[in-house]
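Student: Provide a 3D model corresponding to the input given below.
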Amino acid sequence: MASLTNFLAKPLQNLVSLTKFTPFPSPFPTSFPPSPKPKQFPSNLETNFRGCSFIPKAAAASGVKKVSSDERVQQVHSIEEFDEALRAAKDRLVVVEYAASHSFQSSKIYPFMVDLSRTCNDVDFLLVMGDENEKTRELCKREKIEQVPHFSFYKNMEKIHEEEGIGPDQLMGDVLYYGDSHSAVVQLHSREDVERLIDQNKVDHKLLVLDVGLKHCGPCVKVYPTVVKLSRQMSDTVVFARMNGDENESCMQFLRDMNVIEVPTFVFIRDGEICGRYVGSGKGELIGEILRYQGVRVTY
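Tutor: Predicted structure coming up:
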């Protein structure tokens with residue numbers, strides 16, 4: 001096994017082609033690359049918002065409705081209400097669904113967002129009906145929303161991610177990935193956090209699995225629900241932790257030092273020493289690697 005210091009100098013080999021990591025990134029982007037187009041029933045806002053009006057009864061019948069006071073999804077009706085909701089959330093994750101009363105896909109995904117809002121108490125959920133009035137149209141124009149349903153994710157009034165045309169599983173994965181603060185996965189924000197966690201687990205001999213990723217990484221988001229599930233099932237023998245390399249300069253420097261060039265990368269540490277790593281987002285492969293470093297013989 002290699003010590004932490006020695007491991008930093010070792011190059012990666014046999015890497016899976018995943019999300020490329022740029023060692024010296026440009027400043028955090030203010031705009032985002034377009035999400036994949038919805039496979040079914042996209043609703044073009046430029047075309048469909050013109051002349052539309054929001055009708056509460058019709059919207060309720062289709063599943064997208066005005067939110068009742070006992071639900072945790074807050075419907076906002078203007079730019080002012082929207083900005084105030086983001087300010088009030090502070091550092092909590094805010095998930096915003098941009099919808100329209102005529103959109104079949106909006107009505108299909110909205111009930112699932114309501115269910116998520118009831119179970120994710122540390123996440124705020126907002127609903128914007130783009131065709132409700134001129135104020136919501138202006139909000140959608142400012143946020144560059146062209147199709148619905150469209151989900152945007154905010155923290156500290158900053159947009160950190162957005163998705164278009166997604167289903168319930170991907171929405172849940174995004175909420176877990178960008179808002180997770182209560183699972184058994186330890187959230188790390190600096191190299192010092194990593195070193196402290198390693199020191200804490202030298203005595204109990206537990207395997208430490210460090211999930212290294214980036215904020216805007218599809219494979220990282222895809223595999224994270226598996227990481228959360230494993231963290232609960234293996235809590236007696238394995239400690240799971242996560243770091244997003246582009247969270248701050250300390251995390252970015254840690255990725256450079258670790259020679260991480262593709263994400264997600266899982267680093268396996270036991271008794272203060274690094275015993276290996278896995279690069280990929282395959283659920284079965286990840287579980288197999290964890291079992292292997294626990295001493296369980298795995299046959300592929």
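Student: From residue 103, how far off is residue 260?
Tutor: Note on residue 260: its distance to residue 103, by Cβ to Cβ, to the nearest Å, is 40 Å. Any C-beta I mention is one placed from the backbone N, CA and C, and that applies to glycine too.
Student: Pick out whichever of the two has more residues nearby.
Tutor: Neighbours were counted for residue 260 and for residue 103 using other Cβ atoms under 10 Å; residue 103 has more, 26 against 22.
Student: Next one: the more buried one from residue 158, what distance?
Tutor: Residue 103 is 27 Å from residue 158, where distance means Cβ to Cβ.
Student: can you map out the helices along this structure?
Tutor: Taking DSSP state H as the criterion, the chain carries its helices at 4-8, 45-48, 56-62, 79-89, 104-119, 134-142, 168-179, 191-200, 218-233, 249-257, 283-293.
Student: I'd like those helices laid out as JSON lines, including mean neighbour count.
Tutor: Formatted as JSON lines, the helices of the chain follow (neighbours: other Cβ atoms under 10 Å):
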{"stretch": "helix 4-8", "mean neighbour count": "14"}
{"stretch": "helix 45-48", "mean neighbour count": "15"}
{"stretch": "helix 56-62", "mean neighbour count": "14"}
{"stretch": "helix 79-89", "mean neighbour count": "15"}
{"stretch": "helix 104-119", "mean neighbour count": "18"}
{"stretch": "helix 134-142", "mean neighbour count": "17"}
{"stretch": "helix 168-179", "mean neighbour count": "19"}
{"stretch": "helix 191-200", "mean neighbour count": "15"}
{"stretch": "helix 218-233", "mean neighbour count": "18"}
{"stretch": "helix 249-257", "mean neighbour count": "17"}
{"stretch": "helix 283-293", "mean neighbour count": "17"}
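Student: Of those helices, which is nearest residue 127?
Tutor: Proximity to residue 127 (Cβ to Cβ) singles out helix 104-119 among the helices of the chain, at 7.4 Å.
Student: name the helices or strands packed onto that closest one?
Tutor: strand 73-75, strand 93-99, strand 123-129, helix 168-179 (3 or more Cβ pairs under 8 Å, 6 or more residues apart in numbering; DSSP states H and E).
Student: Contacts for the longest one, please.
Tutor: Contacts of helix 168-179 from elsewhere in the structure, counted by Cβ atoms under 8 Å, 6 or more residues apart in numbering, are 92-93, 95, 109, 112-113, 116, 120, 122-123, 151, 153, 155, 160-161, 163, 166, 183, 215, 220-222, 224-225, 228.
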